[in-house]
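Student: Give me a 3D structure for the following:
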Amino acid sequence: KDFLATNAQDFDPTVRQIIEGAKAYDAVAAFEGQYRLGHLRQRADAEWAKVDILMLPTSPTTSTVDAMMADPIVKNSHFGRYTNFANLFGYAAIAVPGGFSATGLPNGVTLFGPAFSDDALAPFADALHRACAPGMGKDRSAVLPEASMVTEPDDGFVPIVVVGAHLTGMPLNHELTGPGGRLIKSCRTAADYRLYVLPNTTPPKPGLIRE
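Tutor: Numbers count the residues shown, from 1 in each chain. Take a look at the predicted model:
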């Protein structure tokens, strides 16, 4: 706040206008906004139980640079209609070129997944990019090199995380190693997890919960 007050003229006018908009809000409004965002995130997380990937237009419309510069705040808010939520919710996202309209303006789609699913999204994004064949930037006739193809190797294994009696050296570990499972790595839970004894289990097993 103090820096803006003494250096306002050093800011890009559009950036300054956006930052100065914060003057209309106080700390109470900031916390209420975070609570509202948390509520919406819970509702959005429930929807991920129904889908694996979300695909939306990268932008609902396309404008020329001149048109955008003439009204940058409004135009950019339009551009982010289908993508801004990814930053707010911490989702992974990959934008994929989709070719050009009859007027020569570009368009495309964005693939979304839960946080840290970038590697899972990449093969789908690559396949879409190649199927559309929009070229590379200014060179619309360029062909994507095969060496850059993103593939998801299928080694027949499914990664799982285990705790308790299935750990290495524990009595149920053979249920994993017997069919051919292998240890990828060992790690520790965060400090807010707790192990509890589950009664009447053979062999003895713990229950893990996050407090």
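Student: Residue 207 versus the residue nearest to the spatial centre of the chain, what's the distance?
Tutor: Centroid check for the chain by CA atoms, centre = their mean gives residue 92 as the closest residue, at 1.5 Å. Residue 92 sits 31 Å away from residue 207, going by CB to CB, to the nearest Å. Glycine gets a C-beta too; all of them are placed from N, C-alpha and C.
Student: Backbone dihedrals for residue 121, please?
Tutor: Main-chain torsions, residue 121, degrees, to the nearest 10: phi -80, psi -30.
Student: next helix or strand past the helix ranked longest in the chain?
Tutor: The longest helix of the chain (DSSP state H) is helix 27-47. Counting by DSSP states H and E, the element after helix 27-47 in chain order, helix or strand, is strand 54-57.
Student: Run the chain-centre distance for that next one.
Tutor: How far strand 54-57 lies from its chain's middle: 12 Å, per CA atoms, centre = their mean, to the nearest Å.
Student: then the helix or strand following it to PDB, C-alphas only?
Tutor: Where DSSP H and E defines the elements, the next helix or strand beyond strand 54-57 is helix 65-70. The C-alpha coordinates for helix 65-70 follow below in PDB (Å, rounded to 0.1, in the frame of the first residue of the first chain):
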ATOM      1  CA  VAL A  65      -4.400  -7.100 -29.700                       C
ATOM      2  CA  ASP A  66      -5.700  -3.600 -30.600                       C
ATOM      3  CA  ALA A  67      -9.200  -4.400 -29.300                       C
ATOM      4  CA  MET A  68      -7.700  -5.900 -26.100                       C
ATOM      5  CA  MET A  69      -5.500  -2.800 -25.500                       C
ATOM      6  CA  ALA A  70      -8.500  -0.500 -25.900                       C
END
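Student: same for helix 65-70, what does it pack against?
Tutor: Counting by 3 or more CB pairs under 8 Å, 6 or more residues apart in numbering; DSSP states H and E, the packing neighbours recorded for helix 65-70 are helix 72-79.
Student: Tell me the buried residues in the helix or strand following the helix it packs on?
Tutor: Per DSSP H and E, the first helix or strand lying C-terminal to helix 72-79 is helix 84-89. For helix 84-89, burial by neighbour count (16 or more other CB atoms under 10 Å) applies to 85, 86.
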